[in-house]
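Asker: Need coordinates for the following:
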Amino acid sequence: MTASDSSITIARTAAKAAADKIAQDIVALDVSERLALADVFLIASAPSERQVNAIVDGIEEELAKQDLRPVRREGRSGGRWVLLDYSDIVIHVQHEEDRVFYALERLWKDCPVVDLQLGDDASAKAAAASEGE
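Answerer: Below is the predicted model of the structure:
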C-alpha cells in the first residue's frame, strides 16, 4: 500500500504553503505501510517560534481554501512543535532545535520520501532568508 494521490496532493499544497513562509528542510514521508492512521507525514522547521506559527497559519489558510480543516491541532501555544492532523496527512512544523533533537526522519527512515515537487524556488527562498539573518 502506498499513500493515496489525494494525500500526496494535500502534502504538496501544504509544502508549498510552508515554503512560501520560508520553512526549512521540508520533507514528506510515505508512512502508509507502517502506520494505519495516516498516509503522509509532512515535516518542516523554522528558526523561531514566531516563524513556526507563521508557517502553520500559512498551511491552514491554504488548505482551508480547499475546505480542509485539521481534525486536531496541538502545540500552537508553545510554537516549538505544532502538529496539524488532517487525517490522511499529519503535518509537523518544528523549531529547528526540536527537529534535530526528536529526529522524526530518523525514526521513520524506512519510509519512502514523497516528491513534493517544490523545485528550486523553495531552496532559493530559504537561502535568501538565511543570508538575511
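
Asker: Look at residue 57 and say how many residues are nearby.
Answerer: Neighbourhood size, residue 57 [other CB atoms under 10 Å]: 14. Where C-beta positions appear, they are placed from N, C-alpha and C, glycine not excepted.

Asker: how about it, what does it touch?
Answerer: Residues in contact with residue 57 (CB atoms under 8 Å, 6 or more residues apart in numbering) are residue 21.

Asker: now the one 3 residues further on
Answerer: With contacts defined as CB under 8 Å, 6+ apart, the neighbours of residue 60 are 69, 70, 84.

Asker: Over to residue 105?
Answerer: Contacts of residue 105 (CB under 8 Å, 6+ apart): 27, 29, 43.

Asker: cutoff 10 Å now
Answerer: Applying CB atoms under 10 Å, 6 or more residues apart in numbering, we find residue 105 in contact with 25, 27, 29, 41, 43, 99, 111, 113.

Asker: With adjacent residues omitted, what lies nearest to residue 117?
Answerer: In this structure, residue 117 finds its nearest non-sequential neighbour in residue 12, 5.9 Å apart by CB to CB, 6 or more residues apart in numbering.

Asker: buried residues in the helix or strand that contains that neighbour?
Answerer: Here residue 12, judged by DSSP states H and E, is contained in helix 5-20. Buried residues in helix 5-20, defined by neighbour count with 16 or more other CB atoms under 10 Å: 7, 8, 10, 11, 12, 13, 14, 15, 16, 17, 18, 19.

Asker: Return the alpha-carbon coordinates of that helix using CSV.
Answerer: Extracted C-alpha coordinates of helix 5-20, given in CSV (Å, rounded to 0.1, in the frame of the first residue of the first chain):
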residue,chain,number,x,y,z
ASP,A,5,-3.0,10.5,-4.7
SER,A,6,-5.2,12.8,-2.7
SER,A,7,-2.9,12.6,0.4
ILE,A,8,0.1,13.4,-1.8
THR,A,9,-1.7,16.3,-3.4
ILE,A,10,-2.6,17.7,0.0
ALA,A,11,1.0,17.3,1.2
ARG,A,12,2.3,19.2,-1.9
THR,A,13,-0.2,22.0,-1.3
ALA,A,14,0.8,22.2,2.4
ALA,A,15,4.5,22.0,1.5
LYS,A,16,4.2,24.9,-1.0
ALA,A,17,2.4,27.0,1.6
ALA,A,18,5.2,26.2,4.1
ALA,A,19,7.8,27.1,1.5
ASP,A,20,6.0,30.4,0.9
